[in-house]
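Asker: could you work out the structure for the sequence below:
(2 chains)
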Amino acid sequence: MINKQAKLVDNIFDKDSIERGPTRDGFGKGLVQAGEKDERVVALCADLLESTRMQWFAERFPERYIEIGVAEQNLATVASGLANYGKIPFIASYAVFSPGRNNEQIRTTISLNNVPVKIVGSHAGVSVGPDGATHQALEDIALMRVQPNMTVTVPADVEEARKATIAAAEYDGPVYIRLAREKSSMFTTPDTPFEIGKAQIFFESEEARVAIIVCGNLVHNALLAADNLEKDGIGTIVLNNHTIKPMDNTSVIEMAKKTGAVVTVEEHQIAGGMGSAVAEVLAGEHPVPIEFVGVHDQFGQSGDPDELIEHYNMGVEEIISAVKKVIERKA
Amino acid sequence: MSDIHDEKIKELEIKANGVRQTVIEMLTEAGSGHTAGSLGMADIFTAFYFHILNHDPKNPDWEERDRLILSNGHITPVRYAAMAHAGYFPIKETLTLRRLGSRFQGHPEREKLPAIETTSGPLGSGLSQAAGIALGGRMDRKKFRTYCFLSDGEHDAGNTWEGVMFAGKNKLSNLTAIIDRNNIQINGMTEDVMPLEPLREKYEAFNWHVIDIDGHNIEEIVNATEQAKAIYEKPTVIIAHTIPGKGIKGIEFDYLWHGKPPKPEEAKKFLTELRTLGGKIKSEHQ
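Answerer: Numbering: from 1, shown residues only, chains lettered A, B, ... in the order given. Got it, this is the predicted structure:
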């Protein structure tokens, strides 16, 4: 059942009445609030102001908005200079370009340089939809989590993206925030706790046999899967693992010990993603069978977002099958 | 009218000679590193740390300090040497260059040393960072100036031109770039590898003010930076024509000295050449 302490919405399993919105909206709202709180916050965009929702900040604080044009390497390096001077720059583009195209600039001038630039990669995952593979980032978590000093967050819905943005502004160091283009269920509330580096239990059955560790847009799918499984007598825990780095190892290990099996779920390549990070921790601390739900070494393609999630085996049914499969693998 | 008097010029020339000696000692001790570019920029670094920059080696984090960004981090030995001579750190410690645990990394790192400003080495990223610092300072009405030293070879990189375009657009008149125009890069002459000329016209087309100077003439270096302060509408670029390996006759202009250090017996000869001012004086001075 839903963990009451997580303060999630009441109609969480009602597909017809639950509100939907894209996580980039939460970022847009959060950035304006971060800008109100701290005048050192500045925003830079690579010609994608409206679609990254940085527009709301640019309208509210035009003197603190810096247009870069279609030049993501410059986006990262100008921001590095601003942060070096004493500003708190947020840089926004599509994740394929930033942190994709400008990866070395981020490595040298932000991570190694250790200056507090906040990198916002929107349009991550196949749920970008019709634009196709060129615009669907499936490797950005991997690119960012291998860099020392970098913090990596993947908000689960609009409200969590808002909180993650404000938290990133207050966090002393480089941060990556991964966002989605497509609307997804809005199920957390302003009262849902959020802290960088602290995973949350959103769902827990009385006798949990599997821990579903999940991040981003697919958290709601994992909750739907958990609800269905519980009705069928299969208990699970759903852990919202929104911070990939530094990961909440304590919670991950505790979940593995409690249930003895793990399913990871993310809209990203399985290689190098959140699931890999979980496996790295568990292999060293408490090995258990793991099933990985994500993209299997493929590029995306054009299509309807929901249809693509199903096509690439990240839908509710696929999560349910992975849970059943991992139970069979338990000794 | 000149912005520097003859006595001072003489003093800086002697200082630059000392900086070159430290560069040779450092590279020889390390057994690897970049000799040609480091020697070629010794006069400019000396002019900056001993005359041009508004800075305080005793208070390296001073908020109002001028920022000096070194984009082509591989010539960092000359920066380390000039800063050591200026009092930022002991000259002797620079001999730990490139050793495990040393603060003097093969390419400079911001968090290792005071006032080194940025981590650099991968080419093409420095000018944009300098532009970011200059813009941040201007937003807060700060008076400090930002200087960016960059190589000619790194003008092959798109990121450099993105920075040039950005600084031009934003009329960053508090930013001055100094290009080490020594015409060499690892694979040969810049004009063979990837022609940069006409470099002056390129910068002018991007709305920069351009000054060409002899990069070994202290007076010209100082006067050009003073002129840049009077240009309110544009960033300024000083194209400093330099001789790679300057100061050691036998290696001047030789691109093969881009990325190698002197062997100990070569170093001895080089140091003698510097200490006798090329044989002009008999007794060596330190």
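Asker: pLDDT weak spots in the stretch 151-286 of chain B?
Answerer: Counting by pLDDT under 70, the stretch 151-286 of chain B shows low-confidence ranges at B:282-286.
Asker: need the residues of it near chain A, please.
Answerer: The stretch 151-286 of chain B has residues B:158-159, B:162-163, B:165-166 near chain A, with proximity defined as C-beta under 8 Å from any C-beta of the partner chain. Quick note: C-beta positions are derived from backbone N, CA and C, even for glycine.
Asker: in ChimeraX, select just the buried ones from these.
Answerer: Of those, the buried ones can be selected in ChimeraX as follows, counting by 16 or more other C-beta atoms under 10 Å in any protein chain shown:
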select /B:159,162,163,165,166
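Asker: please identify which of the residues of the stretch 151-286 of chain B next to chain A is nearest to residue A:102.
Answerer: Here the nearest of those to residue A:102, counting by C-beta to C-beta, is residue B:159; it sits at 8.6 Å.
Asker: tell me what the helix or strand harbouring that closest one is packed against?
Answerer: Assigned by DSSP states H and E, residue B:159 belongs to helix B:158-169. Judged by 3 or more C-beta pairs under 8 Å, 6 or more residues apart in numbering or on different chains; DSSP states H and E, helix B:158-169 is in contact with helix A:72-85, helix B:126-139.
Asker: now do that helix: distance to the chain's middle.
Answerer: 20 Å (C-alpha atoms, centre = their mean, to the nearest Å).
Asker: between helix A:72-85 and it, find me the angle.
Answerer: 60 degrees (axes from the mean of the first three to the mean of the last three C-alpha atoms, to 10 degrees).
Asker: before we move on, the earlier item: nearest to residue A:3, of the helices and strands packed on helix B:158-169?
Answerer: helix A:72-85 (37.0 Å).
Asker: and the closest one, what does it pack against?
Answerer: strand A:41-45, strand A:88-94, helix A:103-105, helix B:126-139, helix B:158-169.
Asker: neighbouring contacts of the next helix or strand after the helix holding residue B:159?
Answerer: Next helix or strand after helix B:158-169 toward the C-terminus (DSSP H and E): strand B:175-181. Contacts with strand B:175-181, where a contact means C-beta atoms under 8 Å, 6 or more residues apart in numbering or on different chains, come from B:37, B:40-41, B:44, B:72, B:75, B:127, B:130-131, B:134, B:145-152, B:155, B:167, B:199, B:208, B:215, B:225, B:228, B:235-242.
Asker: can you give me the strands in the stretch 51-200 of chain A?
Answerer: A:65-67, A:88-94, A:118-122, A:151-153, A:175-178, A:183-185, A:200-204 (DSSP state E, counting those that start in this stretch).
Asker: just send these back as TSV, with mean pLDDT, mean neighbour count and distance to chain B too.
Answerer: Below are those laid out as TSV (pLDDT from 0 to 100; neighbours: other C-beta atoms under 10 Å in any protein chain shown; distance: least, C-beta to the nearest C-beta, whole Å):
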stretch	mean pLDDT	mean neighbour count	distance to chain B
strand A:65-67	98	18	7
strand A:88-94	98	28	8
strand A:118-122	98	28	14
strand A:151-153	98	26	17
strand A:175-178	98	29	18
strand A:183-185	95	22	34
strand A:200-204	98	23	33
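Asker: in TSV: the ones you listed, plus distance to residue A:16.
Answerer: Compiled in TSV, these are given as follows (distance: least, C-beta to C-beta, whole Å):
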stretch	distance to residue A:16
strand A:65-67	39
strand A:88-94	31
strand A:118-122	28
strand A:151-153	30
strand A:175-178	28
strand A:183-185	11
strand A:200-204	21
